[in-house]
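Q: coordinates only, no sequence provided:
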């Protein structure tokens, strides 16, 4: 937002994301019967810099969650299993729940073993060359593979 363009990134599954937050411009049309407020949401309006900034963390996390969902759905399809989802609720037939639980954990580990923050920073350094981004935090010692045996990983 500092450079006058909206915050943009590509999700781990390759979906481009461009945050739409701009300052709104409203017009009131007064008629004999009522007043109607119309909002201009044109891409020509100035960016809403505060919303661009504050919305990025949850939007990025949502992109990670949705990437996990689509990776799970694709693997379920490869295995010939029924899969349905809404937001963070995943369903399959009762007889396939144990296998879906395996798929959920495996796709989670596959996703988060990737250098997601490094890739994001690299793409932003190319997209926004006039901005210096802070160093990334050091990796901790979490063994992602422990997720595969976690009884309460996903319910």
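A: Sure, I can see it. Bear in mind the structure is a predicted one, so any value in this text is a computation, not a measurement.

Q: can you give me the helices for this protein?
A: Secondary structure of the chain (DSSP state H): helices located at 49-78, 97-112, 116-127.

Q: any chance of the ones you listed in a markdown table, plus mean pLDDT, mean neighbour count and distance to residue 137?
A: Yep, even glycine has a C-beta here, placed from its N, CA and C like the rest. Shown next, in a markdown table, are the helices of the chain (pLDDT from 0 to 100; neighbours: other CB atoms under 10 Å; distance: least, CB to CB, whole Å):
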| stretch | mean pLDDT | mean neighbour count | distance to residue 137 |
| --- | --- | --- | --- |
| helix 49-78 | 94 | 16 | 14 |
| helix 97-112 | 96 | 17 | 15 |
| helix 116-127 | 94 | 13 | 8 |
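
Q: those helices: which one's closest to residue 150?
A: Taking CB to CB, helix 97-112 is the member of the helices of the chain nearest to residue 150, at 7.5 Å.

Q: could you give the angle of the closest one to helix 49-78?
A: Orientation of helix 97-112 against helix 49-78 (axes from the mean of the first three to the mean of the last three CA atoms, to 10 degrees) gives an angle of 130 degrees.

Q: need the residues that contact helix 97-112.
A: 12, 64, 67-68, 71-72, 75-76, 79, 81, 83, 90, 92, 144-145, 147-148, 150, 153-154 (CB atoms under 8 Å, 6 or more residues apart in numbering).

Q: just want the most central residue of this structure.
A: Residue closest to the average C-alpha location in the chain (CA atoms, centre = their mean): residue 63, at 1.3 Å.

Q: how about the contacts made by that one?
A: Residues near residue 63 by CB under 8 Å, 6+ apart: 9, 11, 12, 15, 17.

Q: same check, this time on residue 59
A: Counting by CB under 8 Å, 6+ apart, the residues that residue 59 touches are 17, 19.

Q: rewinding a little: what's the most distant pair in the contacts of residue 63?
A: Taking CB to CB, no two of the contacts of residue 63 sit farther apart than 12 and 17, at 11.1 Å.
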